[in-house]
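> Take a look and give me a structure for this.
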Amino acid sequence: MQTTIKTAISFSGKGLHSGRPATVTIRPAGAHHGIWFSRSDLDVGDRLIPARWDAVNRSPLCTKLENASGLQVSTVEHLMAAIAGCGIHNALIEIDGPEVPILDGSAAPFVRGIMQRGVRALSAPVMAFEVLKTITVTEGDASATIAPSETMKIDFEIEFVDAAIGNQKKSLVMNNGSFARELCDSRTFCRQADVDAMQANGLALGGNSGENAVVFDGDKVLSPGGLRHADEPVRHKMLDALGDLAMAGAPVIGHYTGVRAGHTLTNTLLRALFATPGAVRLVECDAEMVERLPGYGLVWDEIPAVA
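Predicted coordinates:
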C-alpha cells in the first residue's frame, strides 16, 4: 500500500547556503498525491513546486526545485532522502522560505521526526519505476549509472586529495531499513578552503563552526566531535543520491552507481533514463516487490540517536 505520514511535523533552522531561517512542515497527503512543496510565505501566485526530476534547476551545491512560475525551494535532498528512506509516497511539504533548514547536515532529524509521527497506509497500490536498460552519463572523471536490478542498490566511490577523506567506496542494498541504519546520520562535508571561498561569495552563510557539516583541512577533521563514521563522506554521497533519485516521482527499482558524482549528474541520469525509449517502466508493486523498496522494515531502535 502507498503511505503518508500520520500527523504533521515541523522542523526549523537556517538554510546552509542562504543563512535564512525557515520552518518546514511535512503534512499528510492522499493516495497518488506524490511529494510536493508549498511556499507558505507567499500569498499570491502558484505556490506549489513538484519534487520531480524535470522541476530540478540544476546546481552543483544542492538540489533546487523550481515550478513553471519560477518559484524555487533549494537544498531539498536531505529531506527527500528521509522521505524515500522512510517509505513515504505522499506528502505536502510546506516551507516559509526559499531553502530547507540544514539542521545537523544529515537526514537523521527528518527520519526521527517522521518515525515519531508514524507512517499510515493508504488504500492504493505502490507504483515504482523499474529500470530495464543500463544508462550511464559522464562529466569529466565523474559518472553515474543506473542498471536493472531486483531491488534498489547504491554503489558510490569518491576520491579527494585531502588525506582525511582520500578514496572511499561503499555499497548498500536499500531495503530492510538500511538507509536509516547506515546512512541517514552522515553529514554533508566540505574542505575549509571551499567554506572560505563560498562565504566570500555570499554562500554557506548558515554554517556554524562545523556543527552542520564535516569540515576537512588536509589530514585534519575540524568539526567538533570528529566523524560519526570513518567513511562518513561516501555515506553522505549515498544519502544525497537517494534523495536525488527520489525526484523520479516514485521509488526506483534499479542499481545506481556513482563515481565522483554529484547532484547535477544524478539529475542528468534521471533525465537520460526517462528520455531513452524502453529504459524504464512504471509498475504496480506486489507484496514481494514492496518488501524490497527503501523504507520497508525500518525499525525505530535502529535509527541513529544523534539527531
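> who touches the residue nearest the centre of the chain in this structure?
By Cα atoms, centre = their mean, the chain has its centre lying nearest to residue 243, at 2.1 Å. Neighbour list for residue 243: 63, 76-82, 84, 107 [criterion: Cβ atoms under 8 Å, 6 or more residues apart in numbering]. The C-beta positions use only the backbone N, C-alpha and C, and glycine is treated the same way.
> same deal with residue 150?
253, 292.
> and it, what pLDDT?
At residue 150, the model reports a pLDDT of 95.
> got it, and the one 3 residues further on?
Here the pLDDT value assigned to residue 153 is 98.
> Kindly report the same for the one 3 residues further on.
In the prediction, the pLDDT value recorded for residue 156 is 98.
> A strand includes it, no?
Yes - under DSSP: H, G, I helix; E, B strand; the rest coil, residue 156 falls within a strand.
> Would you agree it is in contact with residue 174?
No - under the criterion of Cβ atoms under 8 Å, residue 156 makes no contact with residue 174, lying 12.0 Å away.
> Show me where the stretch 1-150 of the chain has its helices.
Listed in chain order, the helices of the stretch 1-150 of the chain (DSSP state H, counting those that start in this stretch) span residues 77-85, 108-117.
> Out of these, which is the most enclosed?
Sort those by mean neighbour count, taking mean count of other Cβ atoms under 10 Å, and helix 77-85 sits at the top with a mean of 28.
> Return that helix as CSV; C-alpha atoms alone will do.
Output of helix 77-85 as CSV, limited to C-alpha atoms (Å, rounded to 0.1, in the frame of the first residue of the first chain):
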residue,chain,number,x,y,z
GLU,A,77,18.0,16.5,-1.0
HIS,A,78,18.3,15.5,2.7
LEU,A,79,14.6,15.8,3.4
MET,A,80,13.8,13.9,0.2
ALA,A,81,16.3,11.2,1.2
ALA,A,82,14.5,10.9,4.6
ILE,A,83,11.1,10.7,2.9
ALA,A,84,12.3,8.0,0.5
GLY,A,85,14.2,6.1,3.2
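> how big is the angle separating that helix from helix 108-117?
40 degrees (axes from the mean of the first three to the mean of the last three Cα atoms, to 10 degrees).
> tell me what helix 77-85 is packed against?
With contacts taken as 3 or more Cβ pairs under 8 Å, 6 or more residues apart in numbering; DSSP states H and E, helix 77-85 sits against helix 108-117, helix 232-245.
> Determine the angle, from 0 to 180 degrees, between the longest one and helix 77-85.
Pointing back at helix 232-245 there. 70 degrees.
> quick one: contacts for residue 113?
9, 11, 26.
> OK, contacts around residue 256?
Taking Cβ under 8 Å, 6+ apart, one finds 144-146, 152-155, 241, 245, 266, 269 in contact with residue 256.
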